[in-house]
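**Student:** Task: produce atomic coordinates for the following.
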Amino acid sequence: MPSVAIVTGRTNGDTGGGRGTAPAGQPGSGRGISGRTGTGGGVPGQPGGPHRRARPLSEAGRVRQPVALIRLLTGLTAIVLTLLLADYARATTGGFAADVAEAAALVPRPLASLAGGLTTAAVLLLPVGLAAHRLLGPDRRRALQQVSDGLLAAVTAYGATLALDLWADDLAPTSLLTALTQRLPADALGHTEPVYGYLAPVLAFMTASGSRERRLPWAVLALSGLAGLAGGYATPTALLLGVLIGWTGAHGTLYAVGTPDPRPRPGEVLRALRDSGLRPVEALPAGLDRYRVRQADGRPELDVQVLDRQAVTAAAVQRAWRRLRLRTAPHPRALRSPRTGLEHEALVTYAALAAGVRTRRIAATAGLGHDTALIAYEHLAGRPLDRLDDAEVTDELLADAWQQLALLQRREIAHRALVPGSLLVDDTGAVHLVDFADGDIAASELVLRCDIAQLLTTLALRAGAARAVRTATTVLGPDVLGAALPLLQPIALARSTRQSLKRRPGGNTAEAGGGAEAGASGGGEDGGTGSAAVLTATATAPQAQGPDGGPGPAGGLLEEIRAEVLRGRPEVVGRPVRLERVRPRTLLAVVGGVVAGWLLIPQFFATEDNPVAALADADPWWLVLALVAAGCSHVAAAMGFVGFVPERLEFRNVVLAQVAGAFVKLVSPGGVGGIALNTRLLQRANIPTAQALSSVGVGQLIGLVLHLLQLGAFVYLLDLQPGGSELDALPAVVGGLAVAAVLLAVVWAIPPARRWLAARLRPLTAEVLPRLLDLLRNPGRLAVGVAGQLLVSLCLIACLYCCIRALGREPSFAPVAVVFLVGNAAGNAAPTPGGAGAVDTALVFGLEQTASMEKGGALAAVALFRLLTLILPVLPGWAAMTWLQRRKAL
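**Tutor:** As a prediction, this is how the structure comes out:
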């Protein structure tokens, strides 16, 4: 067998010379602490097996750290916000700069000039001193790499500074240049630089070179900035931009070229363990940031976990996002240091040991420099749950796992990560719970129930739903298990568990519980846009809901678990609870709405024809016609809805539901809220969910076809008008359709993409088309539906046309229709409430280009149109929704 090289070191009690070694061919032979390792046969992580090569830092290459990307994005965002605030808050920034200049004028001119010269020289010499200090240190190779990174970052930051200076001088608005600069002192000509030039490259060098010196360099930079302010050569905004560009450029460089691997070498791990009173002699890499350490004198082996700043920061974003999104997320510790994380893990581990839980005992904790720490456990000989053979996963083993969880629950200790890797089974079949890094003490009842749901899913993936539920009921009791049933939803499970559910044959079609609930109650956030949302919901409806509105028993492992629990306790309430504070779509919608308002509102009121002035001067008769057209659109929408439902509906309730859709638009992307509202209306009318979704899907599908036909017809009419040939609208539409056909052909030619598209279209053939065939037997009702779909668009087009005429413009009807149809399609695709931003921008641009309107008039007309169709119906929509809910019609 080839020799296996390991890392060895002298223990505290050694009296021989040099580093201990083992004979060639024996486990443990090889080089010294920083020596190279070889490979051999055996089991990874076991003595005598192959181990990952423990390379010296000089050979380890570079790694891209997620923290560098996070800081790069943060810096870019801060730079953009600084520029926006400098431009939009000119009065504030200008007043602050004036106050600083007034205070600087009190400094004697010779003293300010002398201070400026001295600090400039100190700033220029600072990188030289830092580089010399690093290169004269013990680890010169590493220092040389970091100094090279610092020089590259300094060049990058200086280039960014020059680029921003040129952009501010030549391309930026004059108002922004005025906010960033000021006139030079009386004895000089011109203005100051938009970015204080010396700060950015020096700060970039300091940051990228990994300098540990903080006080003196920052003091020099602070004095340089104060001298620039006192001498009148910089503004506060220019100083801030210099700091941000230097900091951002440094982290951008570090992410682009990578950094030398900052993880400690095995020799450093051995030294830290010896300083803690242990007797390690060799360290074997056993995974990412993990080591297997053998001790002298037959002491037990150690499992060492290294915690560094990079790993903690990489997990910080995910932890912060889960905290924002989920009610069961850990308490905010996103910015905790490695030492704090180590202390937390040790605390929860000691609490678990005190509760009588079988887990690894902590042998030592130690720090490895400023940003790294380690925790050493006594080695536990065992295999994780997913490495066991099927015959080894007995009911006794499952019951033992539940008993360990019961001990945690009794002391209100939450594990939060009961995945297969956290359940180690020793040679006797006893289960040990490990990895308490994300655990909590004094956990809430909701979090404790999430642990039960997580372990239930983990064991069901390995042994089946029936065995997992049976053993859980035996140990915990049916009441405790039933209380955790509402938490049995994918959003409450670990990411690896969700991935296992997706890979499992048959999958798990019930997505986060409460999604169907939220959609049915008017939230409208659980689908896509347009007909695609209905098609997807149609496919998942039979599995996602049962007779009581909760998740049904068919399909998916979670539904199997639910059915097993309810079989033993039918009276248990199995409806999922709402765990999400905010959904990604909602957050995106809010951000989109804020951005749209930020961009559009100043434009509305910056023009001569702003909406307020336009409304005051508008023709009242055209306004009345626009209001009537907007109101008729709701009646037309009701016609277009009932025409595709074979069952008899009360038309008054349908009209009120369309009015209520105006209220729902404020909290859901375009089209989605109305879909959910109409589906709920049909469910309340005792129409099964599958048929309800199919009817809504038929209406959406035919509406899409009619929308395209209307667009083609009005484009044709537009080209027939005088001068219409110059618009080339018809070739553009035909070209767009041709591009769509080519993309469809390409997707269909790629097998994975074809399967994905077929899965999305399967609901169309399985539910929507059969429902459409049923409607063909009643042509009168189908004609009402088609007429209603056409009238909805025509009423809204008429409303927009009347708004334009009310402002004194006289465009043709055809270009207004084309603009509306294109803008409405953009609104349905936008993820913002009511299509905010997308609809407004598309309508304004279209009226300028197609209807030949000036920008001010187009903005005023669109604002008036959105006021009538989006803002004013909100209060009547809320009243209609409340009325329908009180009468159990919604």
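**Student:** Just confirm Asp438 is within a helix.
**Tutor:** No: assessed with DSSP: H, G, I helix; E, B strand; the rest coil, Asp438 is coil; it does not lie in a helix.
**Student:** Let me see the contact set for the closest residue to it other than its chain neighbours.
**Tutor:** Nearest non-adjacent residue to Asp438, counting by C-beta to C-beta, 6 or more residues apart in numbering: Arg416, 4.4 Å away. For every residue, glycine as well, the C-beta is placed using N, CA and C. By C-beta atoms under 8 Å, 6 or more residues apart in numbering, Arg416 lies in contact with 330, 438-440, 447, 450-451, 454.
**Student:** Which member of those is positioned nearest Phe641?
**Tutor:** Nearest to Phe641 out of these is Cys450 (C-beta to C-beta; 40.2 Å).
**Student:** Check the gap between the closest one and Asp440 for me.
**Tutor:** Per C-beta to C-beta, to the nearest Å, Cys450 is found 11 Å from Asp440.
**Student:** With neighbour numbers in mind, choose between the two.
**Tutor:** Neighbours per residue (other C-beta atoms under 10 Å) separate Cys450 from Asp440, with Cys450 holding more: 26 against 21.
**Student:** and the helix or strand where the more buried one lies, what other elements does it pack with?
**Tutor:** Here Cys450, judged by DSSP states H and E, is contained in helix 445-463. Judged by 3 or more C-beta pairs under 8 Å, 6 or more residues apart in numbering; DSSP states H and E, helix 445-463 is in contact with helix 395-410, strand 413-414, helix 465-476, helix 478-484, helix 495-503, helix 557-568.
**Student:** what's the model's confidence in the helix or strand that comes right after the second one, averaged?
**Tutor:** The C-terminal neighbour of strand 413-414 among helices and strands, as given by DSSP H and E, is strand 423-425. Over the span of strand 423-425, the pLDDT mean works out to 93.
**Student:** ok, now stretch 289-299?
**Tutor:** Mean per-residue pLDDT for stretch 289-299: 86.
**Student:** List the buried residues for it?
**Tutor:** Buried residues in stretch 289-299, counted by 16 or more other C-beta atoms under 10 Å: 289, 291-296.
**Student:** This protein: strands as residue ranges?
**Tutor:** 7-8, 62-63, 259-260, 280-287, 290-295, 302-308, 362-367, 372-378, 383-384, 413-414, 423-425, 431-433, 440-441 (DSSP state E).
**Student:** Give me the distance between the closest residue to Val393 other than its chain neighbours and Thr457.
**Tutor:** Leaving out its chain neighbours, the residue that sits closest to Val393 by C-beta to C-beta, 6+ apart is Ala463, at 5.1 Å. Distance, Ala463 to Thr457, using C-beta to C-beta: 11 Å.
**Student:** try Thr156
**Tutor:** Going from Thr156 to Thr457 by C-beta to C-beta gives 48 Å.
**Student:** So the two - more neighbours on which side?
**Tutor:** Neighbour count, other C-beta under 10 Å: between Thr156 and Thr457, Thr457 has more, with 28 against 22.
**Student:** Low-confidence ranges, the stretch 201-350 of the chain, go.
**Tutor:** For the stretch 201-350 of the chain, applying pLDDT under 70 flags the ranges 211-213, 260-263, 309-337.
**Student:** Recalculate using a threshold of 90.
**Tutor:** Across the stretch 201-350 of the chain, the ranges flagged by pLDDT under 90 are 201-243, 246-247, 251, 254-279, 281-292, 294-301, 303-346.
**Student:** As a check, name the ranges of all helices in the stretch 251-400 of the chain.
**Tutor:** 266-275, 309-325, 338-354, 395-410 (DSSP state H, counting those that start in this stretch).
**Student:** Buried ones in the first one, by neighbour count?
**Tutor:** Using 16+ other C-beta under 10 Å as the test for burial, helix 266-275 gives 266-274.
**Student:** try stretch 458-473
**Tutor:** By neighbour count with 16+ other C-beta under 10 Å, stretch 458-473 contains the buried residues 458-465, 467-473.
**Student:** what does stretch 433-441 give?
**Tutor:** Within stretch 433-441, the residues scored as buried using 16+ other C-beta under 10 Å are 433-441.
**Student:** Identify all contacting residues around it.
**Tutor:** By C-beta under 8 Å, 6+ apart, the surrounding residues in contact with stretch 433-441 are 330-331, 341, 344-345, 347-349, 351-352, 357-360, 377, 380, 404-405, 408, 411-418, 421-424, 447.
**Student:** Any of those buried? List them.
**Tutor:** Using 16+ other C-beta under 10 Å as the threshold, 330, 341, 344-345, 348-349, 351-352, 357-360, 377, 380, 404-405, 408, 412-418, 422-424, 447 are the buried ones among the contacts of stretch 433-441.
**Student:** returning to that earlier point: can I get the buried residues of stretch 433-441 in a markdown table including distance to Leu847 and pLDDT?
**Tutor:** A markdown table is the format used below for the buried residues of stretch 433-441 (distance: C-beta to C-beta, whole Å; pLDDT from 0 to 100):
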| residue | distance to Leu847 | pLDDT |
| --- | --- | --- |
| Leu433 | 65 | 94 |
| Val434 | 65 | 92 |
| Asp435 | 60 | 89 |
| Phe436 | 62 | 90 |
| Ala437 | 57 | 83 |
| Asp438 | 54 | 82 |
| Gly439 | 59 | 88 |
| Asp440 | 57 | 87 |
| Ile441 | 62 | 89 |
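**Student:** Just give me the closest of the residues you listed to Gln145.
**Tutor:** Ala437 (31.1 Å).
**Student:** Can you list phi and psi of that closest one for me?
**Tutor:** Main-chain torsions, Ala437, degrees, to the nearest 10: phi -60, psi -30.
**Student:** was I right about the residue nearest to Val393 contacting Glu396?
**Tutor:** No: the criterion here is C-beta atoms under 8 Å, and Ala463 misses it with Glu396 at 11.7 Å.
**Student:** Can you give me the distance of Ile675 to Gly823?
**Tutor:** Per C-beta to C-beta, Ile675 is found 20 Å from Gly823.
**Student:** With Ala690 instead?
**Tutor:** Distance from Ala690 to Gly823, by C-beta to C-beta: 34 Å.
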